[in-house]
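>>> Dropping the sequence and predicted coords here.
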Amino acid sequence: MSSFVLHNARIAGADAPADIEITGGRIAAIVPATGAPCAPGDIDCDGRVVIPGLIESHLHLDKALLDGERPNPEGTLAAAIQITADLKRSFTPDTVRARARRVLDQAILNGTTHVRAHPDVDPIVGLTCLDAMLDLREEYRDRVDLQVVAFPQEGIVQAPGTLDLLREALQRGADVVGGCTYNEPDLATCHRHVDLVFDLAAEFGVPVDMHADLADDASDPRFALAEHIAGVTEERGMSGRVALGHMNSLAGRSAAERKDALARLAAAGVAVVPLPATDLHLSGRADTANTRRGIAPVRELWDAGVVTAYSSNNVRNAFTPYGNADLLDIGLLLAQTSHLSGPADLARVLAMATTEAARVLGLTSYGLRPGADADLVVLSSTDLAGALLDRPDRCFVLKRGRVVARTTRTTVLEGASA
């Protein structure tokens with residue numbers, strides 16, 4: 001691979017512009033900007049912000065873009081599960097791949113360089129979605145790194161045959177074993193579900209990424225599993241290798257319970273991934289006043305030391321009828337709905353989609369540092385807070401040092417004074 005330089009880049013932690021030297025698809029050095037002219041192949045950032053590639057740490061590519069086929073007018077989780085289960089019966093490898101490609105292409109244009117995808121694995125759809133994601137993992141390997149989660153959307157215990165399908169999915173090359181505790185009928189079955197997921201993780205030596213506690217509150221004990229999962233994580237020696245998506249009910253628990261649950265998660269090394277577009281849409285449907293937002297308490301997660309990311313989750317389907325695979329838009333939504341503001345908060349929100357998400361995915365050659373893969377995004381913003389506030393263009397998206405997407409824009413303000 002060739003060598004080139006990103007000149008005059010604005011990066012976090014530096015008071016002045018920097019030059020980023022790239023060799024062989026990796027960052028070779030980051031030095032103060034020299035002012036040297038750009039050689040052929042170099043990129044002049046002209047003071048614009050450069051960030052590490054964005055990471056979709058929880059994305060359902062197989063179920064994306066289904067809203068045009070059948071929307072969810074009730075807007076409830078139960079209706080979303082039923083509608084999607086019905087639609088899954090007609091899935092084919094070609095239709096799954098076609099919809100997933102549209103979202104992957106959009107994500108890349110928006111600066112995403114890594115995706116953890118959660119294809120359904122269950123008796124309804126079998127391994128159709130899983131196999132499609134494995135195909136796309138290879139097809140897109142030069143543009144985006146795709147981790148594949150074997151995800152039991154319909155439950156495990158209540159959906160006989162799912163356990164065998166999960167095992168086969170891992171044998172075929174799934175990177176992560178998933179879970180969906182909220183779709184089991186009672187607390188004992190939820191606990192059994194957790195044990196089975198961790199058994200598979202031990203058998204295949206893979207991480208765990210579960211959907212859990214997706215409810216407005218914890219009045220039903222099936223949606224108060226944070227402490228239990230933390231305990232199992234510690235018992236199984238899985239610290240740093242477990243992520244929990246949604247975790248809405250944390251926000252609906254008392255302050256004392258919440259403090260204890262977050263401390264347990266932090267001590268066990270369990271990450272939490274709020275999914276604000278979905279969590280806002282599905283939550284509070286029965287509230288007639290002061291409708292709950294349903295987003296896990298981000299600032300409290302930070303303060304407790306819990307590794308915390310966020311992601312798009314679903315794009316235009318029965319669970320989330322919005323979205324365009326733009327993590328900076330989702331980050332701004334999270335900030336607006338979680339009382340996060342100011343440069344320090346916005347920097348941490350951006351980190352949730354970059355360096356913190358990299359911890360969730362277990363990435364070791366990621367980041368804006370010498371030696372890391374040159375997975376980078378040049379934004380149109382010239383200050384770091386503007387990475388979220390400006391809704392900036394992704395001027396260049398680099399994957400291992402190769403430009404895989406670019407955005408150009410000409411804007412003219414008519415009638416401006418001379």
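Cool, the structure landed. Please read all numbers here as calculations on a predicted model, not as lab measurements. Residues are numbered from 1 along each chain as shown.
>>> Check the most centrally placed residue in the chain and give its pLDDT.
Nearest to the mean C-alpha position of the chain, by Cα atoms, centre = their mean, lies S57 at 2.5 Å. You'll see S57 listed with a pLDDT of 98.
>>> Make sure it is indeed in a strand.
Yes. Applying DSSP: H, G, I helix; E, B strand; the rest coil, one finds S57 inside a strand.
>>> quick one, what contacts L87?
L66, E69, R70 (Cβ atoms under 8 Å, 6 or more residues apart in numbering). C-beta: built from backbone N, CA, C; applies to glycine.
>>> which of the residues you listed are buried?
By neighbour count, with 16 or more other Cβ atoms under 10 Å, the contacts of L87 hold L66 as buried.
>>> Closest to Q147 out of the contacts of L87?
Nearest to Q147 among the contacts of L87: L66, at 22.2 Å, using Cβ to Cβ.
>>> Could you list the domains of the chain?
Following the assignment in automatic domain parsing, the chain carries domains at 3-52+367-406, 54-361.
>>> The residue nearest to the centre of the chain and S254, how far apart?
29 Å (Cβ to Cβ, to the nearest Å).
>>> Likewise for A28?
Distance, A28 to S254, by Cβ to Cβ: 52 Å.
>>> Give me the more crowded residue out of the two.
The neighbour count for A28 versus S254, taken as other Cβ atoms under 10 Å, is higher for A28 (16 against 9).
>>> isn't there a helix covering that one?
No. A28: not assigned to a helix; according to three-state DSSP it is strand.
>>> Does it touch A372 like I think?
No. Using Cβ atoms under 8 Å as the test, A28 is too far from A372 to be in contact (10.3 Å).
>>> isn't G173 right up against Q147?
No. Between G173 and Q147 there is no contact under Cβ under 8 Å: 10.9 Å.
>>> So between those two, which is more surrounded?
Remark: of G173 and Q147, Q147 carries more neighbours, 25 against 14, as counted by other Cβ under 10 Å.
>>> and that one, what does it touch?
Here Q147 is in contact with H114, V115, R116, A117, D175, V176, L361 (criterion: Cβ under 8 Å, 6+ apart).
>>> What about the closest residue to T291 other than its chain neighbours, how many residues nearby?
Spatially, and ignoring its direct neighbours in sequence, T291 is nearest to G284 (3.9 Å; Cβ to Cβ, 6 or more residues apart in numbering). Neighbour count for G284, taken as other Cβ under 10 Å: 17.
>>> With A16 as the reference, measure out to G284.
Counting by Cβ to Cβ, the separation of G284 from A16 is 46 Å.
>>> cool, L262 as well?
38 Å.
>>> Could you do H60 as well?
The spacing between H60 and A16, counted by Cβ to Cβ, is 42 Å.
>>> quick one: which of these two has more around it?
Each of H60 and A16 has its neighbours counted (other Cβ under 10 Å); H60 has more, 28 against 10.
>>> show me what contacts that one?
H60 makes contacts with A117, H118, P119, F151, N313, N314, V315, N317, F319, as judged by Cβ under 8 Å, 6+ apart.
>>> So it versus H211, what's the distance?
10 Å.
>>> Please enumerate the shared neighbours of the two.
F151.
>>> mind checking the backbone torsions on N324?
Dihedral angles of N324 (phi, psi; degrees, to the nearest 10) stand at phi -150, psi 30.
>>> Over to D383?
According to degrees, to the nearest 10, D383 has phi -140, psi 150.
>>> and it, what is it in contact with?
Contacts for D383 were tallied using Cβ under 8 Å, 6+ apart; they are R10, V49.
>>> now swap in S311 and tell me
55-59, 116, 245, 273, 275, 327, 330, 353, 357.
>>> hmm, back to that, who wins for most neighbours among the contacts of Q147?
Counting by other Cβ under 10 Å, top hit in these: V115 with 31 neighbours.
>>> Tell me the secondary structure at that residue.
When classified by three-state DSSP, V115 comes out as strand.
>>> What about the residue lying closest to it once chain neighbours are set aside, how many residues nearby?
Distance criterion Cβ to Cβ, 6+ apart; nearest residue to V115, sequence neighbours excluded, is E56 at 4.5 Å. E56: 31 surrounding residues under other Cβ under 10 Å.
>>> and E56, what does it touch?
Per Cβ under 8 Å, 6+ apart, neighbours of E56: A107, T112, H114, V115, R116, S311, S312, A325, L327, A357.
>>> What distance do you get for it to A107?
Distance, E56 to A107, using Cβ to Cβ: 6 Å.
>>> what sits in contact with each of those two?
Common neighbours of E56 and A107 (criterion: Cβ under 8 Å, 6+ apart): V115, A325.
>>> And for I156, the neighbour number?
27.
>>> Could I get the full set of strands for the stretch 251-400 of the chain?
Shown for the stretch 251-400 of the chain, the strands assigned by DSSP state E, counting those that start in this stretch span residues 270-273, 376-379, 394-399.
>>> now these in TSV, with mean neighbour count?
Shown next, in TSV, are the strands of the stretch 251-400 of the chain (neighbours: other Cβ atoms under 10 Å):
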stretch	mean neighbour count
strand 270-273	26
strand 376-379	26
strand 394-399	23
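>>> Make a markdown table out of the ones you listed and add mean pLDDT and distance to R241.
Formatted as a markdown table, the strands of the stretch 251-400 of the chain follow (pLDDT from 0 to 100; distance: least, Cβ to Cβ, whole Å):
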| stretch | mean pLDDT | distance to R241 |
| --- | --- | --- |
| strand 270-273 | 98 | 9 |
| strand 376-379 | 98 | 27 |
| strand 394-399 | 98 | 25 |
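>>> ok, which stretches of the stretch 51-200 of the chain are helices?
77-88, 93-109, 128-139, 162-172, 187-204 (DSSP state H, counting those that start in this stretch).
>>> Compare the ones you listed and give me the one nearest M238.
Nearest to M238, of all these, is helix 187-204, at 6.7 Å by Cβ to Cβ.
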